[in-house]
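# Provided below are the primary sequence and the corresponding predicted coordinates.
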Amino acid sequence: MTIGGTTNLFPRRQDQIITYDYFDISNGIGYDIYYGASVDNGEYAVLTQTIESEAISTELDQSVATTATEYFDLDFDITFNRPANIEGKIIANIPLGIQSQPSAKNDFDMYAVVKFYHVGAAGETLLGTGTSRTIAPNNIGIGETYQGIVSMATCAATITRTHFKKGEILRFTVGGWFKSREAGAIQAYIGIGHDPNNNSTGVSDIGGDTSFIWLTGNTTITGRKPSRMEFHVPFIIPI
C-alpha cells in the first residue's frame, strides 16, 4: 500500500523489528536485560530501565546462624504482553551485603540461589536453579578496618525451550543465604540490593534509620556498590 505515492510508513506486522540488548548469534538468541526494584510501598518489580528504586535494598537486623540459612526469599516477576520463547543460559546478578555488629573480628559466608519459574494457569513450573559462588568476608566488625562488605553474586541456569503465552509470567525467586563461621551466631545487618541506578545512598528498609543505608552505617565499609540486580533473559530470535 502507498500513501500519496510513497511507501507505507507503517510496516506490516511480520516486518516489525524486535530489538535486544545483546546477542548470542551462534545459537540464535537475543538477550534482554531486566532490573529488580522496589516500588509502590515495598512491592518488588522487574523494570527495563535504570530508574530509581523506592529502596536500594531489603535488609534485616539478624542473628546469623552457624549453619547456612536462607534469610531472604524474594519474588521478581516479568509478565509477558505478547507470546515469547526463551531458551539457553539465563543469568541473575544479585548484590549481597553483610555488616557485623560486634566489635570483635568475625567471619561469614554468603551466597545467592535463584530459581527460575514459568507461571501460567496451571501454577509454577521450575525451569532451573542457579547457585552463586560463596562470598567469604573475613575479620569484619565495628572498629575494624572493614565493618562490612557488599559484593555481587551471579547465578545461572540453562533453560530448555519454553513458550510463554500472553499474560504468563517468568518468575525469579531470589534467595539470600548467610552463615557465621564463628563458634556461635553473630548479630549482623544483612541485605540484598535492588536499585536499577546502582546507588549506595537512599532509603533503607531498616526501620527508618536513614543513617544505615545499604550497609553504609560505618564509613570504613568496603564496596558500597553494587546495588543493581540484573536478570539476563535469552529469547529465541524469531526467523
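That came through fine.

# tell me how many other residues crowd the closest residue to Tyr35 other than its chain neighbours.
Once flanking residues are discounted, Tyr35 sits nearest to Pro196: 3.8 Å by C-beta to C-beta, 6 or more residues apart in numbering. C-beta here means a position set from N, CA and C on the backbone, and glycine is covered the same way. Residues within reach of Pro196, counting by other C-beta atoms under 10 Å, total 22.

# repeat for Asp107
Neighbour number of Asp107 under other C-beta under 10 Å is 16.

# pretty sure it contacts Ala136?
Yes. At 7.2 Å, Asp107 and Ala136 qualify as touching, with contact defined as C-beta atoms under 8 Å.

# list residues touching both of those two?
Common neighbours of Asp107 and Ala136 (criterion: C-beta atoms under 8 Å, 6 or more residues apart in numbering): Arg181.

# dead centre of the protein: give me the residue that sits there.
Met229 (3.4 Å; C-alpha atoms, centre = their mean).

# who does it bridge with?
Taking DSSP bridges, one obtains Gly36 as the residues bridged to Met229.

# now do the contacts for it.
35-37, 76, 92-95, 174, 192-196.

# now do the buried residues in stretch 69-80.
Within stretch 69-80, the residues scored as buried using 16 or more other C-beta atoms under 10 Å are Tyr71, Phe72, Leu74, Phe76, Ile78.

# go on, stretch 111-128?
Buried residues in stretch 111-128 (16+ other C-beta under 10 Å): Tyr111, Ala112, Val113, Val114, Lys115, Phe116, Tyr117, His118, Val119, Leu127, Gly128.

# then stretch 36-49?
Of the residues in stretch 36-49, those buried (16+ other C-beta under 10 Å) are Gly36, Ala37, Ser38, Tyr44, Ala45, Val46.

# what is the nearest of these to Ile18?
The nearest member of these to Ile18, counting by C-beta to C-beta, is Val46 at 18.6 Å.

# how near is the closest one to Thr134?
Per C-beta to C-beta, to the nearest Å, Val46 is found 26 Å from Thr134.

# ditto for Phe23
Following C-beta to C-beta, the distance that separates Phe23 from Thr134 is 32 Å.

# equivalent analysis for Asn93, please.
Going from Asn93 to Thr134 by C-beta to C-beta gives 16 Å.

# the two - which one has more neighbours?
Comparing Asn93 with Thr134 by neighbour count (other C-beta under 10 Å), the higher total belongs to Asn93, at 22 against 13.
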